[in-house]
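A.B. asks: using only what follows, build the 3D model:
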Amino acid sequence: MTHPVPIQFQALDLDALAAAPGRIVAFAGDGGAMGPTAKRVNRLTRGALERAAASEAFGKLKPGEAMELAFPVGLAADAVLLVKLDRRADVATARKAGGAIGRGLSKLATLVLADTIQRAAEVSFGIALRAYDFAVHKSGEKTLPGPVTMMVTAPEAVAAEAGPMAALAEGIFFTRDLVNEPANILSTFDFAARLAAMHELGLEVEILEEEEMEKLGMGALLGVGQGSEHPSKLVVMQWKGGPADQAPLALVGKGVVFDTGGISIKPAAGMEEMTMDMGGAAVVSGVMRTLAMRKAKANVVGLVGIVENMPDGKAQRPGDVVRSMKGDTIEVINTDAEGRLVLADVLWYAQDRFQPQAMVDLATLTGAIIVALGHENAGVFSNNDAFCNAFLKAAHAEGEGAWRMPMGEAYDEKLKSRIADMRNSCGREAGSITAAHFLKRFVKPEVPWIHLDIAGTALLKADTALAPKGATGWGVLALDRLVREMLEK
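C.D. replies: Okay, here's the model as predicted:
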C-alpha cells in the first residue's frame, strides 16, 4: 500500500536556516507580509523573497499557489518555494497551499517555515495528499520523497491536530490505490483479501462467498458476475467504537473490479478506465480504514459487493429475469447497467441484518451524471432532507463537490417492465435519476438513505490541487466528517 509521506514538526530555529539543505518553503500574504522565519530567509538572500513577493508574477498567483526561486544566494538550499497564503487562510486554501508544496517534493529535504500560519496542520495535510504517487508497477529505482519538516511555534499542538488527519490520509491513499490498481492485479480474490487484512486494525471482517449469497437469494448480484472466472464476493466490515445500543450507519459500495458491459459490451475506446468501476467500494473501504485508525467513537458497518462483469457463455443476457434478495424480479434490459443490480442485494442485506439508523451507498453508477455535473460534483440522491443536508454540509466543509439531484414519481414510473416487477435500465433520458429510483426500491421507507453517484469524481484525467491525475479518493473526507458530526457528537 502507498503511505503518506511522514511530516515532522519542530520548534523555530532561525539560526539553522542558512545551512538547511534541499528546499525551503516560505509564505507571504497578499501584500507581501512575511513571518520571522521568512524575513530571516529574505535577509540571507539579500531581499530576494521581498522582490519576488512584490513581482507581477507573484501578484497574479491565487491564494494557495506558489512560485520557485532557484539557487538562492546566501543559502545552502537549492531552491526557495514562495507560497501565497495569508496567515488566517481558511481550511481549503491552507490545504491547497500544502498541495502546491507536495506537488514538487523530491528526494531532497523540504523545510516548511509555517511559524505564522494558523492552519499549519491543514497545510501538512495538503502536502501529504498531493505527494501521493502510484508507482508500484513502474520499473526502475523508486525515488522516495526526502524528509519533510515543518517549523512551527507550537510543534506539539500542531502534531496533535495533525494526528487524525494522518488517519484520513491513510484512508484516502487506500482508496486511491484500490481505484488505480489494474484488474489483473485487483481481482475479486485480491480485493477481498486486502479488506480482510484490515482486521489487524480492529475491524471485524467477513467474506460471504457465492454459495452463501445464493442461499440468501441474491440473484441480482450473482447474475452480474456469472460470466467471470472470478467468483463474486460480499465483504462486510464492522467498526464497533460507539455505544453498544447505537444502531450503526451503513455504508454500501459497488465493487465491479472490471466492467466490460457484459453482453451489452462497451466501446473499446476508454474501456481501460473501467478498472475504476469499483470506486464506490473503494471509498467505503477507505472510510472504514480511517475510522479504525483514528479509533472513531461510532458504530459503522461497510458492505461491498465485489464482482466482475464479463461476456462469456455463462454471462447474463439482455432479456433475462433475475430475482433479488428482497424478492422482487428484475428484467435485465442492459447488462451494462449492472452496478444497480449489485447494490440492490447489498442494500437489502444491510437493512435486513443490521437495521441501520441510516444508509449511504456509493457507486460509479452512470455516465449520465457526468453529462449533468461534469467532474466537479458527485450526484446526491436521497429520501430524507435532514440526512441529505447533513451530508451536503459535511461535503462542503471538506471541499468535496456534491450536488443534490431531483427525484419524483414520474421517474419511478419509467422502471415498469412488461414481464417483471421492474427493469434495470430505462434508456438515456434522466439516466442517473432513474438509476437512483431503481435503488430506492430496495430501501425501506423508514430508513434515511443517500445514493452518491461518483462516476465523475472517482477518477480524473487531470491533476487537482490535492491529487495527481487518476484516483482522487473523493468521499472519504465527507463521509468521515458525517460520522463525526452525526455519531460522535
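
A.B. asks: give the contact list for the nearest residue to Arg428 once chain neighbours are set aside.
C.D. replies: By the measure of C-beta to C-beta, 6 or more residues apart in numbering, the closest residue to Arg428 outside its immediate chain neighbours is Ala368, 7.1 Å from it. For the C-beta atoms, the positions are set from N, CA and C on the backbone; glycine is no exception. With contacts defined as C-beta atoms under 8 Å, 6 or more residues apart in numbering, the neighbours of Ala368 are Arg428, Ala430, Gly431, Ser432, Ala435.

A.B. asks: tell me the two of those that are most distant?
C.D. replies: Across those, the two members that end up farthest from each other (C-beta to C-beta) are Arg428 and Ala435, 11.6 Å apart.

A.B. asks: tell me which stretches of the stretch 151-300 of the chain form strands.
C.D. replies: When secondary structure is read from DSSP state E, counting those that start in this stretch, the stretch 151-300 of the chain shows strands at 204-208, 233-240, 249-259, 299-309.

A.B. asks: for those strands, which one sits closest to Glu398?
C.D. replies: strand 249-259 (16.1 Å).

A.B. asks: give me the buried positions along stretch 409-422.
C.D. replies: Tyr411, Asp412, Lys414, Leu415, Ala420, Asp421, Met422 (16 or more other C-beta atoms under 10 Å).

A.B. asks: figure out how far it is from the centre of its chain.
C.D. replies: The chain centroid and the centroid of stretch 409-422 are separated by 33 Å, computed with C-alpha atoms, centre = their mean, to the nearest Å.

A.B. asks: pull the CA atoms of it into CSV?
C.D. replies: Listed in CSV are the C-alpha atoms of stretch 409-422, where the atom choice follows Å, rounded to 0.1, in the frame of the first residue of the first chain:
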residue,chain,number,x,y,z
GLU,A,409,-42.8,9.6,-9.1
ALA,A,410,-42.7,10.2,-12.8
TYR,A,411,-39.1,9.0,-12.9
ASP,A,412,-40.1,5.9,-11.0
GLU,A,413,-42.8,5.0,-13.5
LYS,A,414,-40.1,4.6,-16.1
LEU,A,415,-38.9,1.4,-14.3
LYS,A,416,-42.0,-0.6,-15.2
SER,A,417,-41.4,-3.9,-17.0
ARG,A,418,-43.7,-5.9,-19.2
ILE,A,419,-42.6,-9.2,-17.8
ALA,A,420,-41.1,-8.5,-14.3
ASP,A,421,-41.6,-6.2,-11.3
MET,A,422,-39.1,-3.7,-12.8
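
A.B. asks: and that stretch, average pLDDT?
C.D. replies: Summarised as a single mean, pLDDT over stretch 409-422 is 98.

A.B. asks: mean confidence score for stretch 187-204?
C.D. replies: This predicted structure assigns stretch 187-204 an average pLDDT of 98.

A.B. asks: end-to-end on that stretch?
C.D. replies: With C-alpha to C-alpha, to the nearest Å as the measure, stretch 187-204 spans 22 Å from end to end.

A.B. asks: which residues are in contact with that stretch?
C.D. replies: By C-beta under 8 Å, 6+ apart, the list of residues contacting stretch 187-204 reads 178, 205, 207, 225, 228, 230-233, 235, 237-240, 255, 257, 278, 281, 285, 288-289, 292-293, 295, 304, 306-308.

A.B. asks: same thing but 7 Å
C.D. replies: Residues from elsewhere that reach stretch 187-204 (C-beta atoms under 7 Å, 6 or more residues apart in numbering): 205, 207, 230-233, 235, 237-239, 255, 257, 278, 285, 288-289, 292-293, 306-308.

A.B. asks: from Ala358, how far off is Leu82?
C.D. replies: Using C-beta to C-beta, to the nearest Å, one gets 46 Å for the distance from Leu82 to Ala358.

A.B. asks: those two: which is more packed in?
C.D. replies: Between Leu82 and Ala358, Leu82 has the larger neighbour count (other C-beta atoms under 10 Å), namely 26 against 21.
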